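Participant: Any chance you can model this:
(one chain, ligands or ions: 1)
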Amino acid sequence: MFEYLLCPVCKSPLELENRIFSCDNNHSYDQAKEGYVNLLVANKKRSKEPGDNKEMIVARRQFLEAGYYDSLVERMQALILDLGPAGITLLDSCCGEGFYTAKMHELAELEIEDCYGFDVSKPAIKAAAKKYKDLSCFIANVQDIPLEEESVDIIQTVFSPLYSAEFERVLRDEGYLLVVSAGPEHLKELALKVYDNYKPHNYNPSEQLSAAFQRVSLSGLKYSIELKNKEHILSLLKMTPYYWNTVPEKLAVIEKLETLEITCDFVLSLFEKIGTDEEE
Ligand SMILES: [Zn+2]
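Facilitator: Next comes the predicted model:
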């Protein structure tokens, strides 16, 4: 466990002893009672509480655990299982409260040796560590991943930014990157209630990645869900960036809704890191 962790300050390997991770240069990081570790360098935080706040974390957990995205989870699991890996190291980049990380970790066939969940949000990592005791959760900056180079077999990232150079550095040759992103009509009905000028999503993960990443599969998943109560409607709103853009008049309308039919439109892109074989 934890054999690839690096000190975020000096990049030396970290050793765990008595719930404290430390490097040869005497930088140390305590394991919190919930089991997570804060590897965020204080002066690199751009704000006091970076990342998703507690309200968003609670909303996302409530929504995801209601099962609305279970079909997405099944598709993700099938894609990874199809690769036939075993004994792997998995990194969930921007893992949030750990829902998708745990879903991968529970696949016995993967024989996961190390499963790292990294997120910059403390409330998210705290919630992940509390609920999923078997996961290794770290408050960390995924733009500067505290892992050794070529240490990870699979990176997954769900609705999160892609950091091509860092993903390339930590992935082993022929390792995989699974990206879940929004398809054009994802949450269309909700967006229509928030914005006067609705624009379909237009995001292509390939454009964010270097030539080291070769796309091996691309699939879409689109279905409708019926949000069954006010709470779930608000939870969904709060877990999206729409929430921060919702003017009070529109929020008042949304808060009155009893049910809402919503389009889920996901794009699953699987990339392989091409080996840079330097043999003659
Ligand atoms: Zn150090």
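
Participant: can we go C-alpha only for contacts and neighbour counts from here?
Facilitator: OK.

Participant: Which part of the stretch 101-250 of the chain gets nearest to the ion, residue-wise?
Facilitator: Residue of the stretch 101-250 of the chain nearest the ion, by CA to the ion: P146 (10.7 Å).

Participant: got the contact list for the nearest residue to that residue once chain neighbours are set aside?
Facilitator: Excluding the flanking residues, the one nearest P146 by CA to CA, 6 or more residues apart in numbering is L6, at 4.8 Å. Counting by CA atoms under 8 Å, 6 or more residues apart in numbering, L6 touches S12, P13, L14, P146, L147, E148.

Participant: Dig out what L6 forms beta bridges with.
Facilitator: P13 (DSSP bridges).

Participant: from now on call the first residue 239
Facilitator: Okay, using 239 as the starting number, the last item reads as L244.

Participant: hang on, isn't Y436 packed against L430?
Facilitator: Yes - using CA atoms under 8 Å, Y436 makes contact with L430 at a distance of 5.8 Å.

Participant: what stretches of the protein score poorly on pLDDT?
Facilitator: 281-286, 514-518 (pLDDT under 70).

Participant: And the nearest residue to V485 once chain neighbours are set aside, how far from T327?
Facilitator: Using CA to CA, 6+ apart and skipping residues adjacent in sequence, the residue nearest V485 is V432, 7.6 Å away. V432 is 40 Å from T327, where distance means CA to CA, to the nearest Å.

Participant: Give the helix, strand or coil label for P246.
Facilitator: coil (DSSP: H, G, I helix; E, B strand; the rest coil).

Participant: what sits against it?
Facilitator: L277, L278, V279, D382, I383, P384.

Participant: related to what we said a few turns ago, can you give me the distance of the residue nearest to P384 to L278?
Facilitator: In terms of CA to CA, L244 sits 12 Å off from L278.

Participant: try V417
Facilitator: Distance from V417 to L278, by CA to CA: 24 Å.

Participant: now do F301
Facilitator: 28 Å.

Participant: Up against the ion, what does the chain have?
Facilitator: C245, C248, C261, N263, H265 (CA under 5 Å from the ion).

Participant: Check those for burial and list the buried ones.
Facilitator: C245, C261 (16 or more other CA atoms under 10 Å).

Participant: Output the residues of the chain next to the ion in a markdown table; the columns should cover distance to R313.
Facilitator: As requested, those are arranged in a markdown table below (distance: CA to CA, whole Å):
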| residue | distance to R313 |
| --- | --- |
| C245 | 35 |
| C248 | 39 |
| C261 | 39 |
| N263 | 44 |
| H265 | 41 |
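
Participant: Can you name the two of the residues of the chain next to the ion that sit furthest apart?
Facilitator: C245 and N263 (9.2 Å; CA to CA).

Participant: can you give me the helices in the stretch 389-518 of the chain?
Facilitator: 402-408, 426-432, 468-476, 480-483, 486-494 (DSSP state H, counting those that start in this stretch).

Participant: any chance of these in CSV, plus mean neighbour count?
Facilitator: As requested, these are exported to CSV (neighbours: other CA atoms under 10 Å):
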stretch, mean neighbour count
helix 402-408, 19
helix 426-432, 18
helix 468-476, 20
helix 480-483, 14
helix 486-494, 12
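
Participant: need those helices in a markdown table with distance to I363, can you?
Facilitator: Shown next, in a markdown table, are the helices of the stretch 389-518 of the chain (distance: least, CA to CA, whole Å):
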| stretch | distance to I363 |
| --- | --- |
| helix 402-408 | 20 |
| helix 426-432 | 27 |
| helix 468-476 | 18 |
| helix 480-483 | 21 |
| helix 486-494 | 29 |
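
Participant: I'd like to know which of the ones you listed lies nearest to V505.
Facilitator: For the helices of the stretch 389-518 of the chain, proximity to V505 was assessed by CA to CA; helix 426-432 is nearest, at 14.8 Å.

Participant: Pull the closest one out as PDB, backbone CA atoms only.
Facilitator: Output of helix 426-432 as PDB, limited to C-alpha atoms (Å, rounded to 0.1, in the frame of the first residue of the first chain):
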ATOM      1  CA  LYS A 426     -30.700  19.900 -20.800                       C
ATOM      2  CA  GLU A 427     -34.000  20.400 -19.000                       C
ATOM      3  CA  LEU A 428     -32.300  21.700 -15.900                       C
ATOM      4  CA  ALA A 429     -30.000  24.000 -17.900                       C
ATOM      5  CA  LEU A 430     -33.100  25.400 -19.700                       C
ATOM      6  CA  LYS A 431     -34.600  26.400 -16.300                       C
ATOM      7  CA  VAL A 432     -31.400  28.200 -15.300                       C
END
